[in-house]
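A.B. asks: Structure for the following, please:
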Amino acid sequence: MEDNDDRVLLRDAMERAADGLPPLPDLGPLAVREGRRRRTRARFAIGAVCGVLVAGALGLTALLPRPAADVAGVPPRTAAEALRERIADHQRKAAALLDELLPAKVTDVRPRSSSKAADYLITVNGERYTLLFSVRPAAPADLRHCETRAADLPSCEEDTRLRTGPIHESTKVSTIVYQYRKSRVQLSVYAGPGSAFPVPVTVRDLFVVTGDPRFLELVKAADADPMETPAPLDPAEDPMDPFPWL
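C.D. replies: You can find the predicted model right below:
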């Protein structure tokens, strides 16, 4: 009984001490709102992380090479594009060498066609003339001697010298033909049919060019990676015949 009386006295004392104080607020709605805010923040954080992951995945996909591309993500060159680049590089080097070694009266040397490695134009006294510098696989008929070479001589594939072939000089054409390994090499300058001017470059002038070691380097490169079609079986069908009007 004494314990019950003590509890009653303690409750009365607490009620008297709390008299005059404002009532306690209702915490239920506050807890609900706080819970909603936390859920909203959590959803926003998850959405932001997902957005970063998706953006990263999209960025990585953009950086990956396409199926038809090389490792750098750049589409590979076609065979035609690679050939055009090789022809342009060969013509640039050949034109510079010809311009340096031909007589001073030749005031301009330039490629005639970006698709035909052998064709050039030279200018002498304001007149233009065609120059042909060709390195192409030889016709089988031109290689018969390769089968009968002496045993103590290197084979055609191993012989890296320029072997002199036909030479011709007239008022219409100056030309030298060589064989290098299994390629036919030709350096010619000629005037067009009906030209009023004789060809201004002599065979002696051409020998100055072909005797330079840099000429042989150009021939080696063109022989190793041909830029021209093989010579035809019938010389009469050769569109690069330097004597079409003879």
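A.B. asks: tally of neighbours for residue 180?
C.D. replies: Residue 180 has 20 neighbours, counted by other C-beta atoms under 10 Å. Yep, even glycine has a C-beta here, placed from its N, CA and C like the rest.
A.B. asks: How about residue 87?
C.D. replies: Neighbours around residue 87, by other C-beta under 10 Å: 20.
A.B. asks: Select the helix or strand of this structure having the lowest average pLDDT value.
C.D. replies: The weakest-scoring helix or strand in the chain, judged by mean pLDDT, DSSP states H and E, is helix 27-63 (a mean of 51).
A.B. asks: strand partners of the longest strand seen in the chain, parallel vs antiparallel please.
C.D. replies: The single longest strand within the chain, with elements called by DSSP state E, is strand 127-137. Sheet pairing here is set by DSSP bridges, and for strand 127-137 it gives strand 119-124 (antiparallel), strand 183-190 (antiparallel).
A.B. asks: Give me whichever of those strands is most buried.
C.D. replies: strand 183-190 (a mean of 24; mean count of other C-beta atoms under 10 Å).
A.B. asks: Now that one: average pLDDT?
C.D. replies: In this model, strand 183-190 has a mean pLDDT of 94.
A.B. asks: And the next helix or strand past it?
C.D. replies: helix 203-210 (DSSP states H and E).
A.B. asks: and for that following helix, what are the contacting residues?
C.D. replies: Residues from elsewhere that reach helix 203-210 (C-beta atoms under 8 Å, 6 or more residues apart in numbering): 97-98, 101-103, 162, 167-169, 174-176, 178, 187-189, 215.
A.B. asks: So which residues make contact with the helix or strand encompassing residue 220?
C.D. replies: Per DSSP H and E, residue 220 falls inside helix 213-224. Applying C-beta under 8 Å, 6+ apart, the external contacts of helix 213-224 come out as 90, 93-94, 97, 117, 135-136, 160, 162, 178, 180-183, 185, 209, 228.
A.B. asks: how close does residue 130 get to residue 172?
C.D. replies: 11 Å (C-beta to C-beta, to the nearest Å).
A.B. asks: Overlap of the contact sets of those two?
C.D. replies: Common neighbours of residue 130 and residue 172 (criterion: C-beta under 8 Å, 6+ apart): 190-191.
A.B. asks: List phi and psi for residue 211.
C.D. replies: The phi and psi values for residue 211, taken as degrees, to the nearest 10, are phi -80, psi -10.
A.B. asks: burial count for it?
C.D. replies: If we define neighbours as other C-beta under 10 Å, then residue 211 has 11 of them.
A.B. asks: And for residue 203?
C.D. replies: Here the number of neighbours of residue 203 (other C-beta under 10 Å) works out to 16.
A.B. asks: Report the beta-bridge partners for the closest residue to it other than its chain neighbours.
C.D. replies: In this structure, residue 203 finds its nearest non-sequential neighbour in residue 169, 4.5 Å apart by C-beta to C-beta, 6 or more residues apart in numbering. Note on residue 169: beta-bridge partners residue 174, judged by DSSP bridges.
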